[in-house]
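1. Sharing a model that was predicted from the sequence below.
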Amino acid sequence: MAAKSITQNTLFYGDNLNILREHIPDESVDLIYLDPPFNSNRSYNMLFKNEAGTENETQITAFEDSWHWNKKAEETYHFLVTKAPDHISKMVAALRNFIGTSQMMAYLVMMTVRLIELHRVLKPTGSLYLHCDPTASHYLKIILDTIFGVGNFRNEIVWKRRTGSSSQVHSSNKFGACTDTILFYVKSEEAGFHPQYNMDAPGYQEYIEKHFRHIDENGRRFRIADLANPALRPNLIYEYKGYKPPANGWAISIEKMAQWEKEGRLYFPKSPDGRIQRKRFLDELKGDPIQSLWDDIEPLASQSGERLGYPTQKPLALLERIINASSNPGDVVLDPFSGCGTAIVAAQKLERRWIGIDVTHLSIALQKYRLADMFPGLAFEVIGAPPDIDAAKQLAADDRYQFQWWALSLIKAQPLGGQTGSKVGKKGSDRGIDGVIPFVDEHSGQPKRVLVQVKSGRVKSGDIRDLVGTMKREAAPIGVFLTLEDPSGEMKTEAVKQGFYRSPGWNKDYPALQILTITDLLQGAVVKMPPEHGTFKRTTRVNLPHATQGSLLDSMEDEKEEGA
């Protein structure tokens with residue numbers, strides 16, 4: 001399948017199935033991490049805390065992960081049983097016979113067609129990590145076994161995602177759920193892997209203190225290890241410097257023995273009847289090898305500086321471990337359900353190239369600001385966001401709620417209330433407010449808000465008067481009216497009548513009611529307001545090597561042709 005090669009780190013807005021098919025070339029990705037909805041029939045709310053420190057919280061439904069057997073699910077199922085390879089068709093048909101046309105089957109059909117595409121774009125040396133919970137992990141493993149091959153299964157990793165216990169456990173009829181599953185597969189035997197280690201594992205320091213008790217003439221701390229071969233090796237039975245061999249022979253050749261002696265790696269006993277042993281140096285230890293149980297990476301606490309308020313956000317350390325284990329600097333990392341962008345942030349931090357895909361403008365906006373905060377000056381492309389007024393009108397016609405989230409992101413406003421669009425189906429009560437931009441009055445130190453309304457249809461002077469009433473009710477000093485259509489002269493007059501907000505701390509006047517068109521924003525217009533404000537929570541900046549900023553070094557298509 002031909003697809004246009006990508007030459008820059010990229011965020012895509014849209015359905016990842018379409019984007020994979022239309023934009024991602026065959027065998028162009030080194031590592032895939034995906035954390036798809038689990039079909040747990042839950043709504044996930046994104047929380048926003050006022051940066052000024054107020055206790056009030058607002059929330060917006062980021063997504064619902066319930067699925068339904070509808071026309072789209074039936075069409076996807078038909079595609080799989082008629083167009084997919086025979087072994088996949090049979091697997092999907094068998095699942096339907098077993099599960100029926102349920103919500104779970106709709107979810108599995110959605111995942112199967114995407115996992116086929118993810119397998120296609122993965123290099124022969126590539127790996128895939130699928131993050132899930134027990135709701136569907138057993139079914140997903142069957143699907144992955146079918147698509148990737150049973151022999152390409154590497155691990156079922158168990159991550160302890162919650163510590164402590166909730167009060168519900170004491171009255172529950174089952175053991176508490178505190179783990180997630182990460183299914184690790186590779187494309188082929190060519191896939192590489194870098195073992196990971198933990199220097200802070202429980203008991204590791206005690207192990208060091210107990211066993212590394214010797215110090216050599218160079219001050220290096222070491223322990224003694226046996227050099228005996230566990231099985232009989234007649235070719236390794238030899239004397240060395242007068243020391244007799246073990247019954248089964250040495251573990252190394254005589255040439256290796258001489259080399260280790262030269263390097264100071266042999267421990268010679270004082271008694272001639274003793275046995276030569278090996279020195280294992282403490283400074284060469286990498287740490288306790290990481291196994292398939294990951295209980296050393298703590299979940300994000302509610303007060304963690306890393307937390308952004310996004311549902312299902314994972315710790316950066318979790319993604320760093322996966323990326324370090326199964327990729328190299330310069331490799332391409334893909335997250336087709338990128339959410340708040342933890343995988344692509346980890347990829348950028350570790351000098352990998354990346355592709356993120358998400359179906360909501362809310363997520364894309366969060367990722368844009370997170371990348372800008374952590375990596376100042378980083379160049380990347382956003383595909384799928386309206387580049388001009390005609391595209392903005394089309395988005396408004398297709399999904400006015402997605403248009404609203406996108407328009408708010410242009411001024412870094414926090415969405416307030418409501419849902420994420422047609423998938424949820426209705427908008428919650430917003431009391432006349434679509435978004436807010438918090439700031440702190442520099443004179444009084446009190447938190448304040450800019451109120452934002454977004455209109456994608458016809459506008460009139462009454463809309464401005466309604467916003468004025470909302471500002472008075474909420475005691476908001478500044479209001480912003482975002483409109484797709486041009487405002488009338490009467491609307492502009494109504495806005496001017498509201499005068500100015502005087503900021504004593506900045507000694508500056510700001511228009512109390514500002515009308516901004518989408519055309520204005522696409523041409524670089526901004527809200528006039530005090531500069532110290534924040535919407536999406538900021539994270540720690542990371543200084544990047546110069547080479548990682550800017551476009552990718554080579555196109556993925558070139559890499560494919562060269563067999564990279």
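-> Alright, I've got the coordinates. Numbering: from 1, shown residues only.
2. What helices and strands are in contact with the helix or strand encompassing Y510?
-> Assignment of secondary structure by DSSP states H and E places Y510 within strand 508-511. Packing partners of strand 508-511 (3 or more C-beta pairs under 8 Å, 6 or more residues apart in numbering; DSSP states H and E): strand 500-503. Just so you know, the C-beta spots here come from the backbone N, C-alpha and C atoms, and that holds for glycine as well.
3. What lies in contact with the strand it packs on?
-> 441-443, 477-478, 508-512, 530 (C-beta atoms under 8 Å, 6 or more residues apart in numbering).
4. quick one: buried residues of it?
-> 501, 503 (16 or more other C-beta atoms under 10 Å).
5. for the stretch 151-300 of the chain, what spans make up the strands?
-> 153-160, 179-186, 197-198, 214-215, 221-225, 266-267, 277-281, 288-289, 293-294 (DSSP state E, counting those that start in this stretch).
6. Between those strands, which one is closest to Q348.
-> Q348 sits nearest to strand 179-186 of all the strands of the stretch 151-300 of the chain, at 21.1 Å, using C-beta to C-beta.
7. Can you list the neighbours in contact with that closest one?
-> 126-134, 137, 140-141, 144, 148, 152-162, 322, 326.
8. same check, this time on stretch 154-165
-> 127, 129, 141, 176-186, 193, 292-295, 297-299, 318.
9. So what's the residue count around A301?
-> 11 (other C-beta atoms under 10 Å).
10. Tell me which residues touch it, please.
-> Contacts of A301 (C-beta under 8 Å, 6+ apart): R307.
11. quick one: it is in a helix?
-> No: using DSSP: H, G, I helix; E, B strand; the rest coil, the secondary structure at A301 is coil, not a helix.
12. how far away is it from Q313?
-> According to C-beta to C-beta, to the nearest Å, A301 stands 12 Å off from Q313.
13. Find residues that contact each of these two.
-> Between them, A301 and Q313 share these contacting residues under C-beta under 8 Å, 6+ apart: R307.
14. Looking at M91 now. What's its pLDDT?
-> The model reports M91 with a pLDDT of 97.
15. Excluding sequence neighbours, find me the nearest residue to it.
-> T146 (4.4 Å; C-beta to C-beta, 6 or more residues apart in numbering).
16. where's that neighbour, which helix or strand?
-> Counting by DSSP H and E, T146 is found in helix 137-148.
17. any idea of the mean pLDDT for the strand holding Y510?
-> 92.
18. then the helix or strand following it to CSV, C-alphas only?
-> Next along the chain after strand 508-511, taking DSSP H and E as the criterion, comes strand 513-517. The C-alpha trace of strand 513-517 is given here as CSV (Å, rounded to 0.1, in the frame of the first residue of the first chain):
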residue,chain,number,x,y,z
LEU,A,513,-15.2,42.2,25.5
GLN,A,514,-13.3,41.1,22.4
ILE,A,515,-14.7,39.7,19.2
LEU,A,516,-12.3,37.4,17.3
THR,A,517,-13.1,35.6,14.1
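19. what's strand 513-517 packed up against?
-> For strand 513-517, the packing partners by 3+ C-beta pairs under 8 Å, 6+ apart come out as helix 461-474, strand 478-483, helix 489-496.
20. Which pLDDT value belongs to E57?
-> In this model, E57 carries a pLDDT of 42.
21. what do you get for A564?
-> A564 is given a pLDDT of 33.
22. Same check on K427?
-> 43.
23. that older thread, kindly give a single PyMOL line that selects the buried subset of the contacts of strand 179-186.
-> Restricted to buried positions by 16+ other C-beta under 10 Å, the PyMOL selection for those reads:
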select buried, resi 126+127+128+129+130+131+132+137+140+141+144+148+152+154+157+159+161+322+326
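24. Quick one: distance of the top strand by length along the chain to the chain centre.
-> Counting by DSSP state E, the longest strand found in the chain is strand 122-132. In terms of C-alpha atoms, centre = their mean, to the nearest Å, the centre of strand 122-132 is set 15 Å apart from its chain centre.
25. Adjacent strands (with direction) for it?
-> When sheet partners are counted by DSSP bridges, strand 122-132 sits next to strand 29-34 (parallel), strand 179-186 (antiparallel).
26. deepest of these, which one?
-> Most buried of these by mean neighbour count (mean count of other C-beta atoms under 10 Å) is strand 29-34; its value is a mean of 26.
27. what is R449 paired to in the beta sheet?
-> Assessed by DSSP bridges, R449 has beta-bridge partners P438.
28. Would you agree it is in contact with D441?
-> No: applying C-beta atoms under 8 Å as the test, R449 and D441 come out as separate, 10.8 Å apart.
29. between the two, which one's more packed in?
-> Comparing R449 with D441 by other C-beta under 10 Å, the one with more neighbours is R449, at 26 against 18.
30. returning to what we had before: of the contacts of strand 500-503, just the buried ones, PyMOL syntax please.
-> The following PyMOL line selects those of these that are buried, judged by 16+ other C-beta under 10 Å:
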select buried, resi 441+477+478+510+511+512+530
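31. Distance to H119 for the contacts of strand 500-503 - can I get that in CSV?
-> CSV is the format used below for these (distance: C-beta to C-beta, whole Å):
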residue, distance to H119
D441, 55
E442, 55
H443, 60
P477, 54
I478, 51
K508, 57
D509, 59
Y510, 54
P511, 54
A512, 56
P530, 51
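32. Of the contacts of strand 500-503, just say which sits nearest to S488.
-> Among the contacts of strand 500-503, and counting by C-beta to C-beta, the member closest to S488 is P511, at 17.6 Å.
33. can you give me the strands in the stretch 1-150 of the chain?
-> 10-13, 29-34, 43-49, 57-64, 122-132.
34. Any idea which of those has the lowest pLDDT on average?
-> The bottom spot among those, by mean pLDDT, belongs to strand 43-49, with a mean of 48.
35. hmm, back to that, per-residue confidence, the residue nearest to M91, what does it come out as?
-> On the pLDDT scale, T146 gets 98.
36. which ones are touching it?
-> For T146, the contact set (C-beta under 8 Å, 6+ apart) comprises 87-88, 91.
37. so how far is I32 from A347?
-> From A347 to I32 the distance is 11 Å (C-beta to C-beta).
38. what's the overlap in contacts for these two?
-> Contacts common to A347 and I32, judged by C-beta under 8 Å, 6+ apart, are V333.
39. All good on my end, thank you.
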